[in-house]
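Trainee: let's see this in three dimensions:
(chains A and B)
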Amino acid sequence: GIQVEQSPPDLILQEGANSTLRCNFSDSVNNLQWFHQNPWGQLINLFYIPSGTKQNGRLSATTVATERYSLLYISSSQTTDSGVYFCAVESGSNYKLTFGKGTLLTVNP
Amino acid sequence: DTGVSQDPRHKITKRGQNVTFRCDPISEHNRLYWYRQTLGQGPEFLTYFQNEAQLEKSRLLSDRFSAERPKGSFSTLEIQRTEQGDSAMYLCASSPLSGGANNEQFFGPGTRLTVL
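Mentor: Residues are numbered from 1 along each chain as shown, chains lettered A, B, ... in the order given. Below is the predicted model:
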């Protein structure tokens, strides 16, 4: 099956800093989603982005499908941005999502 | 705006007992998915339904696990004879059945299972 690798596994920032999270995948995809998992375990949808670029406030994402990677940008980070960020992809003829192992982001005040 | 709901949110049980979880998807969504997440890992796919039909099951879904979606609305996931290795967060998601390419999945808050 498809492989999804996220980097870095851990990231520590000071409030106000910018960051870039990366997601590499091993095959062509029909769907790519970025999630933020809060401390209670809820997965919050950030972007549905199989290709192209999207922005939502301080967050933006870019997927280059031909090169099999996606990037999540967080600008002017806040302590509330802390948590685990997951990339998940859907590939082939089924509809299941395959997740990476996530990036644990800690934003210190 | 009603999202995906799951019940219970937490379940503690003793090894060997049976447990059942419920998921209510977003009302207009025809596809429903179950995932399992263990500590430090991303969620892993278990099974999915399109309306009432169960269309795919992961090899992770042993014969002690069964899922149903009898009327194409809510779904239940039952684990029989629970083992300590079943301890995990069980997540439910739903997505619309549309003619387009959008299959964005939305997740519920999860049921955290602890098997003692």
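Trainee: residues contacting the closest residue in space to B:Ile12 that isn't next to it in sequence?
Mentor: Closest residue to B:Ile12 apart from its sequence neighbours, by Cβ to Cβ, 6 or more residues apart in numbering or on different chains: B:Thr114 at 4.7 Å. All C-beta atoms are positioned from the backbone trio N, CA, C, and that covers glycine. Neighbour list for B:Thr114: B:10-13, B:87 [criterion: Cβ atoms under 8 Å, 6 or more residues apart in numbering or on different chains].
Trainee: the helix or strand hosting A:Ile44 packs against which elements?
Mentor: Applying DSSP states H and E as the criterion places A:Ile44 in strand A:43-48. Packing partners of strand A:43-48 (3 or more Cβ pairs under 8 Å, 6 or more residues apart in numbering or on different chains; DSSP states H and E): strand A:31-37, strand A:52-56, strand A:59-64, strand B:106-107.
Trainee: run me through the strand neighbours of the second one, direction for each.
Mentor: Neighbouring strands of strand A:52-56 in its sheet, by DSSP bridges, are strand A:59-64 (antiparallel).
Trainee: for the partner strand, give me every contacting residue.
Mentor: A:32, A:34, A:46-47, A:49-55, A:69-75.
Trainee: at 6 Å instead, please
Mentor: Residues outside strand A:59-64 that contact it (Cβ atoms under 6 Å, 6 or more residues apart in numbering or on different chains) are A:32, A:34, A:47, A:49, A:51, A:53-54, A:70-74.
Trainee: just the buried residues of stretch B:2-16, please?
Mentor: B:4, B:6, B:11, B:13 (16 or more other Cβ atoms under 10 Å in any protein chain shown).
Trainee: who's in contact with the last one?
Mentor: To tie it back to what came earlier, the one meant is B:Thr13. Per Cβ under 6 Å, 6+ apart, neighbours of B:Thr13: B:19, B:82, B:115.
Trainee: make CSV from those residues and add distance to B:Leu39, pLDDT and secondary structure to it.
Mentor: Output for the contacts of B:Thr13, formatted as CSV (distance: Cβ to Cβ, whole Å; pLDDT from 0 to 100; DSSP: H, G, I helix; E, B strand; the rest coil):
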residue, distance to B:Leu39, pLDDT, secondary structure
B:Val19, 19, 98, strand
B:Thr82, 17, 97, coil
B:Val115, 14, 98, strand
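Trainee: among the residues you listed, which one has the most neighbours?
Mentor: Sorting the contacts of B:Thr13 by how many neighbours each has (other Cβ atoms under 10 Å in any protein chain shown) puts B:Thr82 first, at 21 neighbours.
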